[in-house]
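Participant: Below are the sequence and a predicted model; questions follow.
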Amino acid sequence: MKIKIREIGNPLVRSYVLETPLGWIAVDTGYAGGLKQYARRFCGFAPLRELKFAFLTHAHDDHTGFLGELLQTAGARLVCSEKSVPRLAAGINAMPPGTVYLTRTAALLSGAIRHRALSPIIPNESAIIVRNEDDQPFLALGLPIRILFLPGHTADSIALLLEETGDLFCGDAAGNSFLAPARQSILVEDFAEYQRSWDRMLAVNPSRILPTHGNPFPPEDLVRYRHFMDGRKRIPAKESNSR
Ligand SMILES: [Fe+2]
């Protein structure tokens, strides 16, 4: 089954959209205020009403910035982790105890990361809330698209694997931007889980990894950099938004 991949964001924050026989699937949205440009670019491929699903990899503001507006404008169905639901409702980037920054640059940006508010979203009755990998709404619809649970960067991190091509949209479970070396994310809530999620990505044998931040990269990079952070100093996030 042919699933076309388009990218309508920018190198810092990718916005992938997938054309399937059942309509289009958005993988996250960018920062708040981006809907107009996003819709203009999307409409270069199809009318916005053909966007049927908006898949959320996790509830950080650079992924949910105009998600609520997009769901409403397109009439699309939200697909997200059960653990994203309270984070979406809270309207602020979660920063649970134990969260660390992996680089000094990221720590310097911490104020911007911490205090950036999300637009609160309460999923409506059409939303598809996934609890674990037994929940596979796209496979159930006949689309060869598998949801993977990749906690660590955040507790609610999930990803999409195109089963026929091996393309893995990993959200922030790994990255490829100048802000963090070695395919790391800049912020990690649980480092042990984060490393296990790298193992999980390798276990599904992807052909390439498509992170939200930066360009796609080969899965061999995960092997190469799997132990990059072992023994390195991680910088604790000093405050906590969680109670
Ligand atoms: Fe993130």
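Facilitator: Received the coordinates, thanks. Numbers count the residues shown, from 1 in each chain.
Participant: Would you map the strands across this protein?
Facilitator: With strands called from DSSP state E, the chain shows them at 4-7, 16-20, 23-27, 51-55, 77-81, 100-101, 128-130, 145-149, 158-162, 167-171, 187-188, 208-211, 235-236.
Participant: in its sheet, what does the second one sit against?
Facilitator: Strand pairing for strand 16-20, determined by DSSP bridges: strand 4-7 (antiparallel), strand 23-27 (antiparallel).
Participant: from the ones you listed, which stretch is densest packed?
Facilitator: Comparing those on average neighbours per residue, with mean count of other C-beta atoms under 10 Å, the densest one is strand 23-27 at a mean of 23. From N, CA and C alone the C-beta is placed, and that goes for glycine too.
Participant: residues making contact with that one?
Facilitator: Defining contact as C-beta atoms under 8 Å, 6 or more residues apart in numbering, one finds that strand 23-27 is touched by 15-18, 42, 45-46, 50-55, 57, 70, 76, 138, 145, 160, 169, 171.
Participant: Those, buried ones only, as a PyMOL selection?
Facilitator: Only the buried members of these enter the following PyMOL selection, criterion being 16 or more other C-beta atoms under 10 Å:
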select buried, resi 15+16+17+18+42+51+52+53+54+55+57+70+76+138+145+160+169+171
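Participant: before we move on, the earlier item: nearest approach to the ion belongs to which of the strands paired with strand 16-20?
Facilitator: If you check each of the strands paired with strand 16-20 against the ion by C-beta to the ion, strand 23-27 wins as the nearest, at 13.2 Å.
Participant: how about stretch 25-34: buried residues?
Facilitator: When neighbours are counted by 16+ other C-beta under 10 Å, the buried residues of stretch 25-34 are found to be 25-30, 32, 34.
Participant: er, stretch 69-84 actually
Facilitator: Of the residues in stretch 69-84, those with enough neighbours to count as buried (16+ other C-beta under 10 Å) are 69-71, 74, 76-81, 83-84.
Participant: what about the nearest residue to residue 60 once chain neighbours are set aside, neighbour count?
Facilitator: With C-beta to C-beta, 6 or more residues apart in numbering as the measure, residue 93 is the residue that lies nearest to residue 60, at 5.6 Å, once sequence neighbours are left out. Look at residue 93: counted by other C-beta atoms under 10 Å, it has 21 neighbours.
Participant: Nice, that's everything, thank you.
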